[in-house]
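Asks: coordinates only, sequence not included:
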Ligand SMILES: [Zn+2]
Ligand SMILES: [Zn+2]
């Protein structure tokens, strides 16, 4: 469990106050920050899984030193030259780049899981809410093509509020574009494993995230097509508390399993051994 | 609509008293027998579709003089040498043969629908409740193989209470056997159209009847897996009146359409023109 | 019903209707006046419709008299045989399909049904499909593939239905599955956005080889009202959002999302449904003829490349 | 729990248990008596189990201590990763499946779960699957096909659940779909009937290349009670119906429905689950080794011919 004991997160989440303790955003328990970080931001009291950055996710899942990022230079495009009340999308994207140190809401590359090489796309919710836009879609399609070329499994970790409306229809088309990549992998008999983390919504849940050969989710992750508020406004009733939780989706048949973060790497390794029977 | 004005039924159903009038078994309306017969036993008042014999069905659907029956000599087998409180299955089968003039609960052959040649399997409920047994399954599989060989559409008219328990496990296996035939047709891209008539239950609904490329049913036909009484006993509540009717199944997504008997031949002809685009 | 930017048109129309009732013997100027009014009507229509804002276009795309899927079925098809059910859970009333004959072409025709009066609208859930709708559509598309029939999809939906049961039965998965499977289909797929192209709910049947759009249809990642509420924090800013989102046929053509625009008659489809439907039919036939010549592999690869090109971003070393 | 035809065995068992508590110093005959009792026990067990009626066999197949699917998972597999859900409506608790490793073989393992105590039984719906169960099973089988994994199905169900919602969601269609799609699968399928093979509900996962059956399992088109109620008009005649229906492994082997019988230890699987499970494991491994050598085409054709032969009837000119 080497990957698990390393201290990982270099960035602090806003929820965690400076000092010795972190505060669980769900149960408000005070947790030694070291303990919290080394447990990859899982609350030891209530099992709340806090959102991870792409870098933290890589350090959690991928064997030390094996990750090779590709297409890191792909940055948001601005096909609509979009501006809203608060300014231009270009500025917003630049701010996101500066804030996160990422060029887009997804990091793609190749790496090993306990020695099994695979292709990865890992979303980072901090970058404009993990929204799906042209550069995100492009990177994911290129990752799918990479997996196809190398005859490897593709693993996508989703974390997204949905399509990035600043790129309008071009964002919407990324749903079809990424799914076309998944479709090619499927025809080639190559495994695609989708891991949904909190949150996975809209244009991402309605495209690559839910059509994994195997659909996994982290405990408590919120996953849905429409947002809770939109639905409540539409049907004019209150939704149950567990609506759109991973546990709710499992019960309704859309997840193969919910996997604790501490077991996720090992779990993926076990699954990959079955999925690559024919190819490796 | 020539097929429709011919007088068809040579056999009298028990429900219809001798004399000038037939009585609709549903709405109890008195109908001129000639009118009733020439409407292929559809009540003009309530649209009740009375069960048809295989011969009536052939005369309703297949162009005059084009039907060529095959495998007519296949008769019930008695793999278990079954006998119950009332005697032997062999005797029961012989009685059914004598009563119906058929050798089994299904008649198979080739014929034309407005000039389009197809392969048919037409069940007859009078023969031991249209039950599926080894000879029934054999004839249906041979029909599927015939359609495959001739590159034609297969049409099956179902009318059955389910598997014939007198042949025990051998009857059960006919479900897998007939479906294997359907699977081959599907792989070859050949159309299979299922027409469910009253009643279609158990081993027949849970095999070939419900996996048509196109699933049709006659109005009011009862179609289900388990019988109403069994379900009511299991769940200990009363079922709605329309439970397991064709209309109910349509609403729940399992039928492509409900077609009136008077329009069925024309409807099948229209559909066949779409289904054979690639093959003919 | 007339939209507010059409008020002037409505006035002239009313005037024409009034004059038309008069007797030309008693009113010698009548024909001249009518002619002049008609000319004015025509030039004003052109002026208004040449200068529509994107938000105006949204209003036209949602116009209650705009031809709906059933009008297209009646107007384009010599035959339509509806095929029901998803074979899993139900028969969606907002998204329907079936065998259809358009000119000499036998196709699988699929589209959203909005309904005209209140009862119809409720029955068809205002054209907002549930997961069963998308699953039925996929079933029919696979049937079309088996039978070698081209697929024609007419898109006109505000959105996939955002309901509780829709979520429970996997609205997201149903759409995602369609996007994935449509990429694999081996028959031609022609898509026409005829009215509202409402986000993922529209895209769920819109992965086509040829994607056409009526002149005053819209196609958007989010309704302008929703976008305005989020980015402007004021749903009233919908016109601004509509503008920013580039949701008109012209913008989509420029962006390389659609292949062609089907022109609407002067004053929009709602003023002349017949011509609109005839032009749509012609455009579909032309697309079918083009696509039918392609092998299934070429079709599939072409479709892949088409979508792969959308929003292609080159690596920029910074 | 002991069945009434095992009463004599139970008495001897009780005697043995009693004697075993005694001290051999105070009771010099002890070891001799115990030995004789054990010999008697053994020979009586053999006598009883060699002369079981079909109805006795039904009782054994339903014995509460008979090993259940979860016991087989624990006993046969070095790893089992359950995969949930049908991606449509739910996650059936009566029919489950997942990746499993049996010896050196990675497989997709699928089976019915009955549950041991009342809570478990209710949770798993007494091993009676709903349509979601069959659809999940099919999804997993197709996944196995994609990954080139053999499929192993363990059958133990009274029936597919005859419920209202089961009908509404297409119990018949779900089973029929499995029968059809399983015929097309390109990977080996090994089926073992371990307990109750309840009609279509069992067959829904039992279209195999190799079909095995435990010695005291039963497999029937209808439960004997149901058959008796219909044909004898008296459910109490179930033993007669069980006899007539030929539902034992031996009868099924004779009829050419199954390929082999897995012997149960003396006194049945419920007296020695460990040995039963070990033998089942060995039989599965042997079948896998045999089937893995066959090409996918040969497998598929072989499966077709296997079922086509069942109940083959020759034309007799009369
Ligand atoms: Zn906590
Ligand atoms: Zn009547």
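Replies: Yep, it's here. Everything quoted here is computed from the prediction, not taken from an experiment. Numbers count the residues shown, from 1 in each chain, chains lettered A, B, ... in the order given. Ligands and ions are numbered 1, 2, ... in the order given.

Asks: for the host helix or strand of residue A:122, packing partners?
Replies: Taking DSSP states H and E as the criterion, residue A:122 maps to strand A:116-123. Under the contact criterion of 3 or more Cβ pairs under 8 Å, 6 or more residues apart in numbering or on different chains; DSSP states H and E, strand A:116-123 touches helix A:54-61, strand A:106-113, helix A:134-150, strand A:154-160, helix A:261-275. In short, each C-beta sits where N, CA and C put it, glycine included.

Asks: how far is it from where the chain is centred?
Replies: 11 Å (Cα atoms, centre = their mean, to the nearest Å).

Asks: cool, stretch C:47-57 as well?
Replies: On Cα atoms, centre = their mean, the centre of stretch C:47-57 falls 17 Å from that of its chain.

Asks: other residues contacting the strand holding residue A:122?
Replies: Under the contact criterion Cβ atoms under 8 Å, 6 or more residues apart in numbering or on different chains, strand A:116-123 has outside partners A:54, A:57-58, A:61-62, A:66-67, A:105-112, A:130, A:136, A:139-140, A:143-144, A:146-147, A:150, A:152-160, A:197, A:204, A:269, A:272-273, A:276, A:280.

Asks: domains of chain A?
Replies: Domains of chain A are assigned by automatic domain parsing as A:1-50, A:52-275.

Asks: now these in JSON lines, with mean pLDDT and mean neighbour count?
Replies: Supplementary listing: the domains of chain A in JSON lines, determined by pLDDT from 0 to 100; neighbours: other Cβ atoms under 10 Å in any protein chain shown:
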{"stretch": "domain A:1-50", "mean pLDDT": "75", "mean neighbour count": "15"}
{"stretch": "domain A:52-275", "mean pLDDT": "97", "mean neighbour count": "22"}
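
Asks: which of these sits closest to ligand 2?
Replies: Closest approach to ligand 2 among the domains of chain A (Cβ to the ion): domain A:52-275, 41.5 Å.

Asks: end-to-end on the closest one?
Replies: 26 Å (Cα to Cα, to the nearest Å).

Asks: distance to chain B for the helices and strands packed on strand A:116-123 - can I get that in a markdown table?
Replies: Converted to a markdown table, the helices and strands packed on strand A:116-123 look like this (distance: least, Cβ to the nearest Cβ, whole Å):
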| stretch | distance to chain B |
| --- | --- |
| helix A:54-61 | 40 |
| strand A:106-113 | 37 |
| helix A:134-150 | 26 |
| strand A:154-160 | 29 |
| helix A:261-275 | 25 |
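
Asks: closest to residue C:310 out of those?
Replies: Checking the helices and strands packed on strand A:116-123 against residue C:310 by Cβ to Cβ gives helix A:134-150 as the closest, at 7.7 Å.

Asks: strand A:106-113 and the closest one, what's the angle between them?
Replies: Orientation check (axes from the mean of the first three to the mean of the last three Cα atoms, to 10 degrees): helix A:134-150 against strand A:106-113 gives 30 degrees.

Asks: would a markdown table of the helices and strands packed on strand A:116-123 with distance to ligand 1 be doable?
Replies: What follows is the helices and strands packed on strand A:116-123, written out as a markdown table (distance: least, Cβ to the ion, whole Å):
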| stretch | distance to ligand 1 |
| --- | --- |
| helix A:54-61 | 18 |
| strand A:106-113 | 27 |
| helix A:134-150 | 31 |
| strand A:154-160 | 19 |
| helix A:261-275 | 13 |
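
Asks: can you put those in TSV and add distance to residue A:226?
Replies: TSV is the format used below for the helices and strands packed on strand A:116-123 (distance: least, Cβ to Cβ, whole Å):
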stretch	distance to residue A:226
helix A:54-61	26
strand A:106-113	23
helix A:134-150	20
strand A:154-160	14
helix A:261-275	27
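
Asks: what about those, which gets the closest to residue C:143?
Replies: helix A:134-150 (27.7 Å).

Asks: the closest one close to chain C?
Replies: Yes: applying Cβ under 8 Å from any Cβ of the partner chain, one finds that helix A:134-150 is in contact with chain C at A:134, A:135, A:137, A:138, A:141.

Asks: just name the closest of those to chain C, please.
Replies: residue A:134 (2.9 Å; Cβ to the nearest Cβ).

Asks: from residue A:133, how far off is the residue lying closest to that closest one once chain neighbours are set aside?
Replies: Computed as Cβ to Cβ, 6 or more residues apart in numbering or on different chains, the closest residue to residue A:134 that is not its neighbour in sequence is residue C:311, at 2.9 Å. Going from residue C:311 to residue A:133 by Cβ to Cβ, to the nearest Å gives 7 Å.

Asks: hmm, back to that, does the residue nearest to residue A:134 sit in a helix, a strand or a coil?
Replies: coil (DSSP: H, G, I helix; E, B strand; the rest coil).

Asks: picking that back up, what's the closest of the residues of helix A:134-150 next to chain C to residue C:257?
Replies: Closest approach between those and residue C:257, by Cβ to Cβ: residue A:134, at 11.4 Å.

Asks: whatever residue of the stretch 1-150 of chain A ends up closest to chain D and residue A:269, how far apart?
Replies: Residue nearest to chain D within the stretch 1-150 of chain A (Cβ to the nearest Cβ): residue A:116, separated by 14.0 Å. Distance from residue A:116 to residue A:269, counting by Cβ to Cβ: 6 Å.

Asks: got the phi and psi for the residue in the stretch 201-318 of chain C that chain A sits nearest to?
Replies: Nearest to chain A, among the residues of the stretch 201-318 of chain C, is residue C:311, at 2.9 Å (Cβ to the nearest Cβ). Main-chain torsions, residue C:311, degrees, to the nearest 10: phi 70, psi 30.

Asks: that one: neighbour count?
Replies: Per other Cβ atoms under 10 Å in any protein chain shown, the neighbour tally for residue C:311 reads 26.

Asks: how far out from the middle of the chain is stretch C:116-132?
Replies: On Cα atoms, centre = their mean, the centre of stretch C:116-132 falls 16 Å from that of its chain.

Asks: list the buried ones in that stretch?
Replies: Buried residues in stretch C:116-132, counted by 16 or more other Cβ atoms under 10 Å in any protein chain shown: C:124, C:125, C:126, C:127, C:128, C:129, C:130, C:131, C:132.

Asks: what of stretch C:66-83?
Replies: C:66-73, C:76-77, C:80-81, C:83.

Asks: at the contact with chain B, which residues of chain C appear?
Replies: C:79, C:81-91, C:99, C:106, C:132, C:136, C:143, C:146-149.

Asks: wait, residue C:6 sits on residue C:48?
Replies: Yes: the pair residue C:6 and residue C:48 passes the contact test of Cβ atoms under 8 Å, sitting 6.8 Å apart.

Asks: of the two, who's got more company?
Replies: residue C:6 (23 against 19).

Asks: state the distance from the more buried one to residue C:143.
Replies: 43 Å.

Asks: for the closest residue to chain B within chain A, give me its contacts.
Replies: With Cβ to the nearest Cβ, the shortest gap between chain A and chain B falls at residue A:253, namely 16.2 Å. Each residue near residue A:253 by Cβ under 8 Å, 6+ apart is listed here: C:170, D:84, D:85, D:86, D:87, D:88, D:89, D:90, D:91, D:132, D:136.

Asks: again, 6 Å this time
Replies: Residues in contact with residue A:253 (Cβ atoms under 6 Å, 6 or more residues apart in numbering or on different chains) are D:85, D:86, D:87, D:88, D:89, D:90, D:91.
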